[in-house]
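Colleague: sequence first, predicted coordinates after that:
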Amino acid sequence: MKMNKNLFARLFAVLLTLGMLAATILSFSSCGGNDEWDFEPIDTEYKGTTLYVCNWGEYISDGSEGSLDVVKAFEKVYGIKVRYDYFSTNEELYAQLKSGASYDVVIPSDYMIARLIQDDLIQKIDTADLKNYENVAPEYKGLYFDPNDEYSVPYSVGMVGIVYNTKKVSEAEAAEQSWSLLWSDKYRTGELINMNNPRDAFGVAMCYLGLDVNTTDTADWKAAYDKLVEQNAHCIYLMDEIYDKMELGNAAAAAYYAGDCLQMMQENEDLAFYYPKEGTNIFVDSMVIPKSAKNVGAAKLFIDFMLDPEIATENANYICYASPNLAVRTNPDYDYCEGTEEYKILYELPASYKEDPAKMQYYHTLDDATQKVMDDYWMSLGIDD
């Protein structure tokens, strides 16, 4: 599902240091396949322990199609066994942590990180212990959900847009560059797709209506609900299943995350993408350490490993999202460097967004009353029935 990596015959060195370690060089090379990568081990007090990681699906370079298996690389370097689990939505991850699930590293989105901080479910990270933290771009430090950079370390950046099939959607409709496409009555039921989680689904409706996605005004939520009721007559709600629908040409258009849309476009040349003119959600997914973590030292090693220029580049190439890591964007092995079509989607904002940055909205943690309003309206939609 990913772009050609051109990894073969590559030779590079990765500088991996942590506050508790002297500067150490990790080197690895490939002669034609993931199984032949060779790593120089680093001995630490955490060797032989187990690290529990929970991440989104398809959100780390996993060794397929000649890419680097980042988890296996970490295991070989440090001798730490990784138990890797997945979640589908921020809300699902929150429910797991709230119920006592124990992970050492998780990678939620911005608004959920704010909620996890509020509910005392994650712990502070001393970034002085992360020698690769200097690679994080300044614009992704001090963000609203972690203003003092105490709890989170940026992993990837994205925005929501519309991926559409040029064989099904007319040039005139595409030229509108609007969310209205997902409300069109020109398509059969199942050919238009919104996202099957309340925050994103309501976010799409609110952006279309020009509303604040973090509004506490119940009238605004009612307006968004009414818009989704209107959409619900001919639109379906999916998450990971969107891939198959779009890649196989079985749907006309879907709201989804830009990085994932790029992956779909790599599989089906009839697909194209745009950011709706009315505005959209922008998000930063970051690495955090839950309060329930049992292997904090290894968690810091893993986070620093993910910030390493070469490792971060492998991940950015694989997941197709914009990288908050400055060293990635200047890495000659980065597939989506300036000048590529992918770079335009990931890093070059539409003119209307440059003119009005407020069109790019972060989700914030909703207060309890507003959260209940959204949850109740979502239940009334009967999406999961």
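Modeller: Everything's here; your move.
Colleague: now do the strands in this structure.
Modeller: For the chain, the strands defined by DSSP state E occupy 11-16, 24-29, 50-56, 81-87, 105-106, 122-123, 153-165, 192-195, 235-238, 253-257, 271-274, 280-287, 289-290, 360-361.
Colleague: off-centre distance for the longest one?
Modeller: Here the centre of strand 153-165 is set off from its chain's centre by 7 Å, with Cα atoms, centre = their mean, to the nearest Å.
Colleague: also stretch 288-304?
Modeller: So, by Cα atoms, centre = their mean, the centroid of stretch 288-304 is 20 Å from its chain's centroid.
Colleague: repeat for stretch 96-105
Modeller: Its chain's C-alpha centre and that of stretch 96-105 lie 19 Å apart, by Cα atoms, centre = their mean.
Colleague: oh, and call the first residue 16 from now on, that's how I've got it
Modeller: New numbering, starting at 16: the last item is stretch 111-120.
Colleague: restrict it to CA atoms and write it as CSV.
Modeller: Extracted in CSV, the C-alpha atoms of stretch 111-120 (Å, rounded to 0.1, in the frame of the first residue of the first chain):
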residue,chain,number,x,y,z
GLN,A,111,-9.2,1.1,27.5
LEU,A,112,-6.9,3.4,29.6
LYS,A,113,-9.8,4.5,31.8
SER,A,114,-10.7,0.9,32.6
GLY,A,115,-7.1,0.1,33.7
ALA,A,116,-5.4,-1.2,30.5
SER,A,117,-1.7,-1.1,31.0
TYR,A,118,0.5,0.2,28.1
ASP,A,119,3.9,1.8,28.1
VAL,A,120,3.5,4.0,25.0
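Colleague: quick one: buried residues of it?
Modeller: 111-112, 116, 118-120 (16 or more other Cβ atoms under 10 Å). In this view, the C-beta of every residue, glycine as well, is placed from N, C-alpha and C.
Colleague: also stretch 214-227?
Modeller: Buried residues in stretch 214-227 (16+ other Cβ under 10 Å): 214-223, 226.
Colleague: same deal with stretch 186-193?
Modeller: Here stretch 186-193 shows 188-189, 192-193 as buried, counting by 16+ other Cβ under 10 Å.
Colleague: can you check stretch 265-278 too?
Modeller: For stretch 265-278, the neighbour count (16+ other Cβ under 10 Å) marks 266-278 as buried.
Colleague: now swap in stretch 364-375 and tell me
Modeller: For stretch 364-375, burial by neighbour count (16+ other Cβ under 10 Å) applies to 365, 368, 374-375.
Colleague: one more: stretch 232-242?
Modeller: Buried, per 16+ other Cβ under 10 Å, within stretch 232-242: 235-236, 238-240, 242.
Colleague: please give me every residue in contact with residue 337.
Modeller: Residue 337 sits next to 171-173, 273-274, 331, 361-362 when contact means Cβ atoms under 8 Å, 6 or more residues apart in numbering.
Colleague: any quick PyMOL command for the buried ones out of the residues you listed?
Modeller: In PyMOL, this line selects whichever of the contacts of residue 337 come out buried by 16+ other Cβ under 10 Å:
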select buried, resi 171+172+173+273+274+331+361
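Colleague: residue 324 is in contact with residue 342, correct?
Modeller: Yes - applying Cβ atoms under 8 Å as the test, residue 342 and residue 324 come out as touching, 3.6 Å apart.
Colleague: out of the strands of the chain, which one sits most buried?
Modeller: For these, the largest average neighbour count (mean count of other Cβ atoms under 10 Å) is found in strand 120-121, namely a mean of 28.
Colleague: hmm, who's touching that one?
Modeller: Applying Cβ under 8 Å, 6+ apart, the set of residues contacting strand 120-121 is 66-70, 102, 108, 112, 302-305, 308, 314, 317-318.
Colleague: please repeat the previous calculation with a cut-off of 7 Å.
Modeller: 68-69, 108, 302-305, 314, 317-318 (Cβ atoms under 7 Å, 6 or more residues apart in numbering).
Colleague: just give me the closest of those to residue 286.
Modeller: Nearest to residue 286 among the contacts of strand 120-121 is residue 108, at 28.7 Å by Cβ to Cβ.
Colleague: grab the nearest non-local neighbour of that closest one.
Modeller: residue 102 (4.2 Å; Cβ to Cβ, 6 or more residues apart in numbering).
Colleague: next one: residue 384
Modeller: If the residues on either side of it in the chain are set aside, residue 384 comes closest to residue 231, at 7.5 Å by Cβ to Cβ, 6+ apart.
Colleague: wouldn't that neighbour be in contact with residue 385 here?
Modeller: Yes - using Cβ atoms under 7 Å, residue 231 is in contact with residue 385, at 5.0 Å.
Colleague: those two: who's more crowded?
Modeller: residue 385 (17 against 12; other Cβ atoms under 10 Å).
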